[in-house]
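>>> compute the structure for the input listed below.
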Amino acid sequence: MELMLAVFSLLFLFATQASPPLDQVLKYIDDHQDDYVQHLKEWVAIQSESGSPAKRDDVIQMIQIVGERIKSLGGSVELADLGNEELPNGRIIPLPPVVLGELGKDPNKITVCIYGHVDVQPARIEDGWATDPYVLTEKDGNLYGRGASDDKGPVLAWLHAIEAFQALKQELPVNLKFIFEAMEESGSKGLNELLSEKNETFFSSVDYIVISDSGWLSEKPVLTYGTRGLCYFFVEVKCAKQDLHSGLYGGTVHEAMTDLIGLLDSLVNSSGHILIPGINVDVAPLTEEERLLYKAIEFNPEDFKNTIGTTELLHESKEDVLLHRWRFPSLSIHGIEGAFSGPGAKTVIPAKVTGKFSIRLVPDMDPEKLNNQVTTYLNRVFAERRSPNKMQVTLKSGSRAWIARFTDKQYVAGRRATNKVFGVDAEMIREGGTIPIARTLQHTTQKSVMLLPIGGAGDAIHSQNEKISRGNYINGTKLFAAYIAEISQL
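Numbering: from 1, shown residues only. Sure thing, here's the model as predicted:
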């Protein structure tokens, strides 16, 4: 019996030593997943709401914790100062610094730069959360908490992947750099200027940039190679110097709200077709090769329809739904400021109302040109109404779409890593939303950028009950480790 146990122990030892280094790392990650969940619980507990001035100390604390974590891995860290922010009331508060980290300077290795953010959207249990948003709660295999998926979970997963290599005394096969910010949910104030300033120094040795601030489309893992841009417009109409009583003035004045409703109605028809002339002229033509990419994607329009609780979509086929979700421009009307919106009845004619709408841009649309098209069109429509009221169109913000070359080596590495960890091929997708940092990093550094997400399709980011599944969190950590190994071999 003792001899059999001795033989078994030797065989087990041999098998452990003979297993490939990456397999050892993946096993280590599996064995330590409870530790990783505990670390996420600690991070979620910090209410790093970048849009809440009262939480600014928490935001700064969060970024400092990230910096210390990189130092504990043996990395060097610069907390890059972004200066101050002036609030609408004139108060000045500090912007949280940006972590610029570095781990490894071997000239014979490639260098991968990882971007992430550790600030979050506001969350309160009274908003409709089933659990305290700042107490990570595990239920039915999911980890609920603000920031669990966007983006604290993915940031931690990268750091855990690195730690796994080190715990097994395996040399990291690549050099790593880090950009972790804490103002992404509030427009990344000051970041663009910092990136430009650091382009010839911090980024000079970078070969590839990876972002994990996005999610999957279905139950299958994805690689994301494009996002839409965004132009957000205000259209203001003013009819009087103060609000008016409809019993005294109704029927005698040109009402601002009537004009505004007419303007908003002129933007898009009931089929979702944008009515602004020339808007599609600059849209990059869709090739048959590209259309085939959409055909291969796993997506069920019926499930999509049922998930959002609507009875009918604007388009029927899978390909058309995805193309209009990611590949073609869309226009959405978001709200009217200045109008009565409370419960009950109020017979007021508002003196001034502001309509808010946005247009999602695709390659090769230009925000400045689109602004001119929108302004010219709305001025024409307003003139045709022959209203004496005052109308003004303002572009509040504008950003271009982002598109990557998915034939780049790091996309090959991403596909190999996905297959290694999940046993399936990654789907190549775009995002309908806007992730400005992807285009900014690609445009500023001229480096290859890839989105490598681990968040699930139903993670409810920015919403109540945000979550990440334990499976995605742990397997996502493995995916990052596998990517590091794969990209080093290309």
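
>>> tell me where the stretch 51-200 of the chain has helices.
Remark: helices assigned in the stretch 51-200 of the chain by DSSP state H, counting those that start in this stretch are 56-72, 152-167, 191-198.

>>> among these, which is the most enclosed?
helix 152-167 (a mean of 24; mean count of other Cβ atoms under 10 Å). In this view, the C-beta of every residue, glycine as well, is placed from N, C-alpha and C.

>>> rewinding a little: which of the helices of the stretch 51-200 of the chain sits closest to E466?
helix 152-167 (9.8 Å; Cβ to Cβ).

>>> what helices and strands are in contact with that closest one?
If you count contacts as 3 or more Cβ pairs under 8 Å, 6 or more residues apart in numbering; DSSP states H and E, helix 152-167 packs onto helix 21-31, helix 33-44, helix 56-72, strand 111-117, helix 470-487.

>>> make a markdown table out of those and add mean pLDDT and distance to I461.
Listed next are the helices and strands packed on helix 152-167 as a markdown table, based on pLDDT from 0 to 100; distance: least, Cβ to Cβ, whole Å:
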| stretch | mean pLDDT | distance to I461 |
| --- | --- | --- |
| helix 21-31 | 97 | 24 |
| helix 33-44 | 98 | 13 |
| helix 56-72 | 98 | 17 |
| strand 111-117 | 98 | 12 |
| helix 470-487 | 98 | 13 |
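
>>> now render the ones you listed as TSV, adding distance to W216.
TSV is the format used below for the helices and strands packed on helix 152-167 (distance: least, Cβ to Cβ, whole Å):
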stretch	distance to W216
helix 21-31	19
helix 33-44	19
helix 56-72	25
strand 111-117	17
helix 470-487	8
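
>>> select, out of the ones you listed, the one closest to L191.
Of all these, it is strand 111-117 that lies closest to L191, at 9.6 Å by Cβ to Cβ.

>>> run through the neighbouring helices and strands of that closest one.
Judged by 3+ Cβ pairs under 8 Å, 6+ apart, strand 111-117 is in contact with helix 152-167, strand 175-181, strand 208-211.

>>> okay, the ones you listed in a markdown table with mean pLDDT and distance to N465 next?
What follows is these, written out as a markdown table (pLDDT from 0 to 100; distance: least, Cβ to Cβ, whole Å):
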| stretch | mean pLDDT | distance to N465 |
| --- | --- | --- |
| helix 152-167 | 98 | 15 |
| strand 175-181 | 98 | 25 |
| strand 208-211 | 98 | 24 |
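
>>> pLDDT weak spots in the stretch 201-350 of the chain?
By pLDDT under 70, the stretch 201-350 of the chain has no low-scoring segment.

>>> any idea how far apart the tips of stretch 191-210 sit?
One end of stretch 191-210 sits 17 Å from the other (Cα to Cα, to the nearest Å).

>>> could you give the number of residues near the closest residue to D425 other than its chain neighbours?
If the residues on either side of it in the chain are set aside, D425 comes closest to N419, at 6.0 Å by Cβ to Cβ, 6 or more residues apart in numbering. Neighbour count of N419, defined by other Cβ atoms under 10 Å: 15.

>>> one more: the one 3 residues further on?
When neighbours are defined as other Cβ under 10 Å, F422 has 15 of them.

>>> got a list of what it touches?
K220, P221, N475, L479 (Cβ atoms under 8 Å, 6 or more residues apart in numbering).

>>> the third one contacts I454, correct?
Yes. Between N475 and I454 there is a contact at 7.5 Å, judged by Cβ atoms under 8 Å.
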